[in-house]
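# Here is the input, now give the coordinates:
(one chain, ligands or ions: 1)
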Amino acid sequence: MPNPPFSHESSYIDQPCTIGEGTKIWHFSHVQTGAVIGKNCVLGQNVNIGNDVVIGDGVKIQNNVSVYTGTTIEDDVFLGPSCVLTNVSNPRSQVNRKSLYEKTLIRRGATIGANATIVCGITLGRYCFIAAGAVVTKDVPEYALIAGVPGRQRGWMSRHGHPLNNPDSKGVMTCPESGLRYQLSKNEAKETLRCLDLDEDSKLPEELTQGKQPYRSNRP
Ligand SMILES: CC(C)(COP(=O)(O)OP(=O)(O)OC[C@H]1O[C@@H](n2cnc3c(N)ncnc32)[C@H](O)[C@@H]1OP(=O)(O)O)[C@@H](O)C(=O)NCCC(=O)NCCS
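Below is the predicted model of the structure:
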């Protein structure tokens, strides 16, 4: 392997598990048996990956995050520091529900902010953005910005993490940083957002991967 995975000497990697090339696992982290972690991921300090968890490529997991069994994380997801995932809706110490872990799917490119809590059994759509401290209790649409307790949709966030506002007559909004265009459409009262300029399942082209604009620079 040209770029083998790295794990800090203070971390525990239980075997068998799979860790892709270029992935880095930092201090005091623990990967449990059966976990599959893709290429070029970063697991910060004090991260736990439960048995049989599946994690894609390019995933960044900040300090103090436990990814419990039942969770699937697609490529390029960002899990902010101390965010909380769960796998039992109704835990009781005296009742064993190890065969009943609920599934949570975090789709490609999603961001979970610091200290947010994701109640299990839901799907977070591609490129959604969960604000710091939110408590998410139901499925999240693609590109949706969710904040608060309970989490409610407050708008749309581009793939580069900027709020999308002021749709034109065709429902098109432009990301102020990347210039990529997104189209809002309504189908039976359900709103969906699509990127007009890029394949949502592909990686960003290299020239669009470098952040150039501070978050608040577009404010009036
Ligand atoms: C979602 C986020 C980007 C919004 O930031 P913002 O656009 O600057 O938000 P604004 O300051 O314009 O706030 C708009 C409104 O939302 C509220 N709001 C902002 N962030 C909020 C949050 N995390 N939870 C609840 N409400 C929030 C504000 O209080 C404000 O409400 P008001 O209109 O009643 O005054 C930011 O709050 C956030 O959570 N970023 C993630 C940071 C993070 O976790 N990073 C991890 C890597 S270190």
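# most distant residue from the middle of this protein?
Gln94 (32.0 Å; CA atoms, centre = their mean).
# Phi first, then psi, for Val36.
Val36 adopts backbone torsions of phi -120, psi 120, taken as degrees, to the nearest 10.
# again, but for Asn218
Torsion angles at Asn218 (phi, psi; degrees, to the nearest 10) stand at phi -100, psi 10.
# Using the record's domain definitions, break this protein down for me.
The chain breaks down by automatic domain parsing into domains covering 6-161, 162-220.
# would a markdown table of those domains with distance to the ligand and mean pLDDT be doable?
C-beta coordinates here come from the backbone N, C-alpha and C atoms, glycine included. Formatted as a markdown table, the domains of the chain follow (distance: least, CB to the nearest ligand atom, whole Å; pLDDT from 0 to 100):
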| stretch | distance to the ligand | mean pLDDT |
| --- | --- | --- |
| domain 6-161 | 3 | 98 |
| domain 162-220 | 6 | 93 |
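# so which helix or strand takes in the residue farthest from the centre of the chain?
Counting by DSSP states H and E, no helix or strand carries Gln94.
# returning to what we had before: name the stretch among the domains of the chain that sits most buried.
Ranked by mean neighbour count under mean count of other CB atoms under 10 Å, the domains of the chain are led by domain 6-161, which reaches a mean of 18.
# Could you tell me how far that domain lies from the centre of the chain?
Taking CA atoms, centre = their mean, to the nearest Å, one finds domain 6-161 lying 6 Å from the centre of the chain it belongs to.
# So what would you say the end-to-end distance of that domain is?
One end of domain 6-161 sits 29 Å from the other (CA to CA, to the nearest Å).
# again, but for stretch 81-95
In stretch 81-95, first residue to last residue: 30 Å (CA to CA).
# go on, stretch 153-165?
14 Å.
# Could you list the residues in contact with that stretch?
Outside stretch 153-165, the residues within contact range by CB atoms under 8 Å, 6 or more residues apart in numbering are 109, 111, 127-129, 131, 140-141, 143-148, 173-178, 180, 182, 184, 193, 195, 198, 204, 208, 211, 213, 215, 218.
# try stretch 121-132
74, 80, 83, 89, 102-116, 118, 136-148, 151, 154, 157-159, 161, 200.
# ok, for Glu208, nearest residue in space, not its chain neighbours?
Check again: residue 208 is Leu, not Glu. Ranked by CB to CB, 6 or more residues apart in numbering and with sequence neighbours excluded, the top spatial neighbour of Leu208 is Ser178, at 5.5 Å.
# How is the one you found assigned, secondary-structure-wise?
Using DSSP: H, G, I helix; E, B strand; the rest coil, the structure places Ser178 in coil.
# Go ahead and confirm it touches Thr209.
No. Using CB atoms under 8 Å, Ser178 is not in contact with Thr209, being 10.1 Å away.
# Alpha carbons only: can I get stretch 31-46 in CSV?
What follows is stretch 31-46, C-alpha atoms only, in CSV (Å, rounded to 0.1, in the frame of the first residue of the first chain):
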residue,chain,number,x,y,z
VAL,A,31,-11.8,1.2,16.3
GLN,A,32,-13.8,-1.9,17.1
THR,A,33,-14.0,-5.2,15.2
GLY,A,34,-15.8,-5.3,11.9
ALA,A,35,-15.5,-1.6,11.3
VAL,A,36,-14.8,-0.5,7.7
ILE,A,37,-13.2,2.9,7.3
GLY,A,38,-12.4,4.3,3.9
LYS,A,39,-9.5,6.1,2.5
ASN,A,40,-8.1,9.5,3.5
CYS,A,41,-10.3,9.9,6.6
VAL,A,42,-9.2,11.7,9.8
LEU,A,43,-10.3,10.5,13.2
GLY,A,44,-9.4,13.0,15.9
GLN,A,45,-8.7,12.5,19.5
ASN,A,46,-11.0,10.2,21.6
